[in-house]
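Q: no FASTA, just this:
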């Protein structure tokens, strides 16, 4: 199964990316995921079930440890993996 994760971290800072946002993005960029898209108000990535779920766990831990007061997260099934 393939999954897509979409997430944001708060509080927002329009002047520069807060430490919690940077931590979350680093997790996603280092994970073995595809279609990674990071932006100022939302981030997405896709991958297999195990890879996405592992990245989500690390994302939550790291962003909360870095000061996030809220993490908004959505995971969608987008289709079957192909060999």
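A: Structure's in. What do you need? It should be emphasised that the depicted structure is a prediction, and the values quoted were computed from it without experimental measurement. Numbers count the residues shown, from 1 in each chain.

Q: Next one: the residue lying closest to residue 11 once chain neighbours are set aside, what pLDDT does it get?
A: Closest residue in space to residue 11, ignoring its immediate chain neighbours: residue 69 at 5.8 Å, by CB to CB, 6 or more residues apart in numbering. Backbone N, C-alpha and C define where each C-beta goes, glycine included. Confidence at residue 69, expressed as pLDDT, is 96.

Q: can you count the residues close to residue 69?
A: Neighbourhood size, residue 69 [other CB atoms under 10 Å]: 10.

Q: And for the one 5 residues further on?
A: Burial measure for residue 74: 11 neighbouring residues, criterion other CB under 10 Å.

Q: That one in helix, strand or coil?
A: Here residue 74 is recorded as strand under DSSP: H, G, I helix; E, B strand; the rest coil.

Q: ok, now which ones touch it?
A: Residues near residue 74 by CB atoms under 8 Å, 6 or more residues apart in numbering: 5, 6, 7.

Q: any chance of those in JSON lines, with distance to residue 23 and secondary structure too?
A: Converted to JSON lines, those look like this (distance: CB to CB, whole Å; DSSP: H, G, I helix; E, B strand; the rest coil):
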{"residue": "5", "distance to residue 23": "15", "secondary structure": "strand"}
{"residue": "6", "distance to residue 23": "17", "secondary structure": "strand"}
{"residue": "7", "distance to residue 23": "12", "secondary structure": "strand"}
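
Q: Pull out the buried residues from those.
A: The neighbour count (16 or more other CB atoms under 10 Å) marks 5, 7 as buried among those.

Q: Quick check: residue 21 is in a helix.
A: Yes - using three-state DSSP, the assignment for residue 21 is a helix.

Q: For the longest helix seen in the chain, which helices and strands make contact with it?
A: Counting by DSSP state H, the longest helix found in the chain is helix 49-65. On a contact count with 3 or more CB pairs under 8 Å, 6 or more residues apart in numbering; DSSP states H and E, helix 49-65 meets strand 2-10, helix 19-30, strand 43-48, strand 70-79.

Q: Now tabulate these in a markdown table and tack on distance to residue 57.
A: Formatted as a markdown table, the helices and strands packed on helix 49-65 follow (distance: least, CB to CB, whole Å):
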| stretch | distance to residue 57 |
| --- | --- |
| strand 2-10 | 11 |
| helix 19-30 | 9 |
| strand 43-48 | 14 |
| strand 70-79 | 11 |
